[in-house]
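**Q** Structure, please.
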Amino acid sequence: MAKLIVVCGATGQLGGSVTRRLLKEGWRVRAITRNQTSKSSQALADAGAELDSANYDDVESLKAAFKDAQAVFAVTNTFDYILEFGQDGAAEREYTQMMKIAEAAGSTSTLEHLVLHTLPSGKKMAGIYVPHMDVSRVAGSLETVGQADFLLYRPKTAPQTTSSRNSRMWQRRRRSCGSACSRRTSGASR
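**A** Below you'll find the model as predicted:
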């Protein structure tokens, strides 16, 4: 029987892409979504995903969603809360949700892998504090997640922009700090 992975945020752009890829590769996927009757949820169900719901602010609902899973892939969305809480408040909410996801994952006895997807640190990449990008303290807050491997994934590249001035700034920044910059900002970090 195929291993079960839970994908939090399965109907979003990133979570949806991950879900579709995992289904294509033969994983059993439990897709966590806020609205199981939406078109995107139904498309995932038609592709073979098991639909479920969980509240990122409620550890017990996350534990129920993670039941029997061997892996969890989680992505959160600061922008859902930015109007209500402002940038810093929304980033704090995202951090709290990541910690609750990790707590629930840590109590899942079958879990082998937890992947939390975040953005690269704006502070480290360009010296600019960007609340929704600088939640990297999550890695330092998680010594261990039960018996599971923990991975805090950050994309290898700087955010893409349509502004050629900003693109040149990122290129200069990467050149000026050399290999130390690429080590700090590349790929996944444990």
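**Q** Enumerate the positions of the longest helix belonging to the chain that are buried.
**A** Longest helix in the chain by number of residues, with DSSP state H as the criterion: helix 82-106. Using 16 or more other C-beta atoms under 10 Å as the burial criterion, the residues of helix 82-106 that qualify are 82, 90-95, 97-102, 104-106. Glycine gets a C-beta too; all of them are placed from N, C-alpha and C.
**Q** which residues of this protein fall in strands?
**A** In the chain, strands defined by DSSP state E lie at 4-8, 28-32, 50-52, 71-75, 113-117, 149-153, 188-189, listed in chain order.
**Q** okay if I get those strands as a markdown table plus distance to Ala65, mean pLDDT and mean neighbour count?
**A** A markdown table is the format used below for those (distance: least, C-beta to C-beta, whole Å; pLDDT from 0 to 100; neighbours: other C-beta atoms under 10 Å):
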| stretch | distance to Ala65 | mean pLDDT | mean neighbour count |
| --- | --- | --- | --- |
| strand 4-8 | 6 | 97 | 26 |
| strand 28-32 | 6 | 98 | 26 |
| strand 50-52 | 5 | 98 | 17 |
| strand 71-75 | 9 | 92 | 24 |
| strand 113-117 | 13 | 85 | 22 |
| strand 149-153 | 18 | 52 | 17 |
| strand 188-189 | 24 | 37 | 14 |
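**Q** wait, which of those strands is closest to Gly86?
**A** Closest of those to Gly86 is strand 71-75, at 21.4 Å (criterion: C-beta to C-beta).
**Q** who does the closest one pair up with?
**A** Strand pairing for strand 71-75, determined by DSSP bridges: strand 4-8 (parallel), strand 113-117 (parallel).
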